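Engineer: just the structure for this:
(one chain, ligands or ions: 3)
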Amino acid sequence: MLRKGMRRLVHGCREILHRLHVSRCTCIDERQLSQIGHTLYQEFDDGVVLLDKNGFLLEANPAFCRQSGFSLLELLRMRRTQLRAMLQVDWDIVLSQLMTSGRWQGALWLKHKTQGWLPYQLMLRRTAALSGNVELLGVFSAQRGMSADEEQLDPLTGLLHRLSFDNQLRLLCRGTQPFTLLTLDLDQFRQINNQFDHQTGDRILQQLALRLQRLLGPRGMVARVGGDDFALLIPDMDQPEQAQQLAEEVYAEVLRPFKNGDSEIAISGTLGGALWPLDARSPGALWRRAEQALFIARNRHLPMLAFSAGVRKELSYRQKLQQDLLDAVQNNGIWVAYQPIWDNQRQRVGKLEALARWSHPELGNIPPDQFIPLAEESGLIGLLGEKILEQACADLALLHQAGFDWLELSINRSIIEFLQLDAQANSWLDVIHQHHIAPAKIIFEVTESLLMDTQSQHLVRLHTLREAGCRIAIDDFGTGYSSFNYLRKFPIDIVKIDRSFVLTVPHDHKDTQLLLGILCIVQNLGYEVVVEGIEDEALQQFLLQHHCEYSQGYLFSKPQNFTSLLEYLVELSPQVRASGE
Ligand code: C2E
Ligand code: MG
Ligand code: MG
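Structural biologist: Ligands and ions are numbered 1, 2, ... in the order given. Have a look, this model is predicted:
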């Protein structure tokens with residue numbers, strides 16, 4: 001349609017101008033214009049402009065005035081630089097193509113007087129054959145209708161799809177104006193499709209597309225760039241705070257429940273943002289930055305993150321932290337805290353869980369949830385884990401010597417540590433033997449993620465450790481996908497029921513029944529049970545009633561350093577001190 005319209009226009013224009021003998025040195029006057037044609041200038045839906053060889057506007061039709069928001073008079077009075085600034089396009093490329101082939105066609109952004117940047121397709125053609133001083137003819141077609149090429153649009157939502165969006169992005173990157181790219185990924189959208197049906201999922205995507213278009217309006221462009229991935233381009237937005245603000249508005253639209261017949265469906269999503277030219281120097285790099293921001297936001301359970309605002313800081317913070325962690329691991333900056341695990345039957349501390357601690361000289365205490373993943377990423381976890389095991393075994397040996405010889409030690413091990421462990425598990429078993437500790441006193445806590453990773457080498461190592469006499473506990477039980485299945489498949493001795501299962505017990509009936517059910521199955525299968533996160537007496541009484549063997553939580557003690565642990569143990573069992581002395 002564009003080509004046909006364009007051909008018609010150029011042809012018409014050429015003929016009319018030819019007939020008029022417009023002189024090269026005079027502007028087109030009113031009379032001539034009216035002759036150039038009512039059809040051409042007044043009724044054509046696409047914006048039409050005529051420029052002279054110096055790039056000054058000679059004429060624009062009403063459609064272009066609407067597209068730009070300026071009156072013809074305002075347009076005619078504009079300087080060339082003003083006119084150029086209205087168009088977001090790489091002028092070097094345009095001009096060189098016009099020189100060589102006499103025409104240029106492509107997508108660009110046109111700055112509307114009041115509504116900001118709007119996307120168009122522009123066809124520019126040199127009209128050297130024309131008389132008068134008309135040098136260039138330009139036709140602006142709206143993005144959607146202009147090519148009638150529906151392939152440009154996503155059939156489900158009517159938004160641009162990835163390819164066209166990429167073109168727009170590349171175009172903007174060639175220009176000089178700053179802009180923002182936002183990417184939106186819906187959380188677990190597959191579940192919506194599974195739980196309802198694909199048509200329902202499709203309807204949500206359509207409603208969301210509409211909301212995003214309404215929200216953004218003429219400020220920018222929205223695209224569906226993947227199944228449940230959307231992207232937004234906002235020209236002229238160059239402040240991380242603005243991007244954050246818009247991301248919040250988008251997020252609110254995602255959270256607003258969607259109609260599904262008589263009911264409603266709620267979804268959520270995560271957004272990442274990146275700013276041009278602040279965050280990247282190429283379109284591909286800008287995508288990556290926005291996606292990196294999204295990834296970090298998701299990991300940190302944030303709804304959104306703009307790269308410049310958060311990720312840059314985060315990356316340099318992480319780099320510094322990684323260096324500091326290396327120093328700490330090498331120079332004994334990591335220490336071990338112990339949390340007692342209460343033996344409900346014998347009414348005494350039965351086990352100790354060793355928990356890594358890092359007291360950073362400037363940042364204070366950094367929780368293991370933060371520095372363990374950092375150690376894993378930077379390859380430090382092996383060394384860190386060895387130091388923890390070494391220190392904990394040395395301390396346990398002291399406690400055994402002091403008379404607390406029944407105490408067992410629980411050591412956390414991550415999946416990466418298992419991957420790095422030698423097949424005979426010698427690097428761990430040697431430490432235990434060196435401190436003359438019976439392996440039966442050592443428990444290795446693994447999480448369900450280790451068992452989810454079906455690598456057979458994990459299984460071999462678990463067996464090796466058990467054959468050597470150590471025991472295996474499954475930590476945070478119930479937080480994974482198929483917890484009971486792991487019990488069947490893996491060599492496990494102890495189950496540590498996650499704190500999330502006991503938060504409302506015994507007050508909440510359903511949660512209480514659920515905990516009882518888990519306890520019943522696990523106990524009947526013959527596993528030793530530890531319930532984590534005991535903070536109040538009512539829960540502890542409930543566990544006693546139901547013959548739960550071990551309780552761990554702040555009700556008994558928070559994790560503490562070795563000296564205060566010793567005082568705590570001595571206070572609970574004064575007779576041990578007597579016998580130990
Ligand atoms: P985890 O193994 O499940 O450890 C128990 C966590 O729950 C500890 O947090 C402990 O302080 C906390 N906790 C215990 N009782 C209560 C309670 O009554 N209420 C509440 N709110 N929390 C309680 P911590 O020390 O921050 O450790 C977090 C996680 O870091 C551990 O979870 C473990 O997965 C990991 N971790 C700690 N040390 C090591 C280590 O040396 N190696 C490895 N691989 N992971 C470690
Ligand atoms: Mg643990
Ligand atoms: Mg745990």
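
Engineer: can you report how many residues neighbour whatever residue of the stretch 251-400 of the chain ends up closest to ligand 3?
Structural biologist: Closest residue of the stretch 251-400 of the chain to ligand 3, CB to the ion: E353 (8.1 Å). C-beta coordinates here come from the backbone N, C-alpha and C atoms, glycine included. E353: 24 surrounding residues under other CB atoms under 10 Å.

Engineer: before we move on, what about L396?
Structural biologist: L396: 24 neighbours (other CB under 10 Å).

Engineer: tell me if the helix or strand where it lies is near ligand 2.
Structural biologist: L396 belongs to helix 381-401 when assigned by DSSP states H and E. No - against ligand 2, helix 381-401 shows no contacts by CB under 5 Å from the ion, the least distance being 12.0 Å.

Engineer: contact partners for V529?
Structural biologist: By CB atoms under 8 Å, 6 or more residues apart in numbering, the contact set of V529 is I494, V495, K496, I497, L519, V522, Q523, C548, E549, Y550.

Engineer: distance of S101 relative to ligand 1?
Structural biologist: Relative to ligand 1, S101 is positioned 64 Å away (CB to the nearest ligand atom, to the nearest Å).

Engineer: how close does that residue get to ligand 2?
Structural biologist: 69 Å (CB to the ion, to the nearest Å).

Engineer: next, the closest residue to ligand 2 within the stretch 201-350 of the chain: secondary structure please.
Structural biologist: Closest approach between the stretch 201-350 of the chain and ligand 2, counting by CB to the ion: Q339, at 8.8 Å. Under the three-state scheme (DSSP: H, G, I helix; E, B strand; the rest coil), Q339 adopts strand.

Engineer: okay, now the unreliable bits of this structure?
Structural biologist: Within the chain, the segments meeting pLDDT under 70 span 1-41, 115-116, 128-132, 134, 143-152, 308-314, 453-456, 481-482, 577-581.

Engineer: got the residues of it near ligand 2?
Structural biologist: With CB under 5 Å from the ion as the criterion, the chain meets ligand 2 at residues N412, E445, D475.

Engineer: near ligand 1, which of these show up?
Structural biologist: N412, E445, D475 (CB under 6 Å from any ligand atom).

Engineer: now the strands for the stretch 151-300 of the chain?
Structural biologist: 160-161, 179-186, 221-224, 229-235, 258-260, 263-265, 269-276 (DSSP state E, counting those that start in this stretch).

Engineer: just checking, what packs against the shortest one?
Structural biologist: With contacts defined as 3 or more CB pairs under 8 Å, 6 or more residues apart in numbering; DSSP states H and E, the secondary structure elements packing on strand 160-161 are strand 221-224.

Engineer: which neighbouring elements make contact with the strand it packs on?
Structural biologist: Short answer (3+ CB pairs under 8 Å, 6+ apart): strand 221-224 packs on strand 160-161, helix 162-174, helix 198-216, strand 229-235.

Engineer: show me which residues of the protein sit near ligand 3.
Structural biologist: Residues of the chain lying near ligand 3 (CB under 5 Å from the ion): D475, D476, E532.

Engineer: circling back to that earlier point, most tightly packed of the strands of the stretch 151-300 of the chain?
Structural biologist: strand 269-276 (a mean of 27; mean count of other CB atoms under 10 Å).

Engineer: phi, psi of the residue nearest to E386 when sequence neighbours are not counted?
Structural biologist: Nearest non-adjacent residue to E386, counting by CB to CB, 6 or more residues apart in numbering: S427, 6.8 Å away. Backbone torsions for S427, taken as degrees, to the nearest 10, come to phi -60, psi -30.

Engineer: likewise K111?
Structural biologist: When quoted as degrees, to the nearest 10, the phi and psi of K111 stand at phi -90, psi 110.

Engineer: one more: S557?
Structural biologist: Torsion angles, degrees, to the nearest 10, at S557: phi -170, psi 150.

Engineer: ok, it touching L352?
Structural biologist: No - between S557 and L352 there is no contact under CB atoms under 8 Å: 10.0 Å.

Engineer: give the residues shared as contacts by these two.
Structural biologist: Shared contacts of S557 and L352 (CB under 8 Å, 6+ apart): Q339, P340.

Engineer: quick one, which of these two is more surrounded?
Structural biologist: Of the pair S557 and L352, L352 is the one with more neighbours under other CB under 10 Å, namely 29 against 20.

Engineer: how about the more buried one: what's its closest non-neighbour residue?
Structural biologist: The shortest distance from L352 to any non-neighbouring residue, by CB to CB, 6+ apart, is to Y338 (4.4 Å).

Engineer: picking up where we left off before, and the buried ones among the contacts of V529, selectable in ChimeraX?
Structural biologist: In ChimeraX, this line selects whichever of the contacts of V529 come out buried by 16 or more other CB atoms under 10 Å:
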select :494,495,496,497,519,522,523,548,549,550
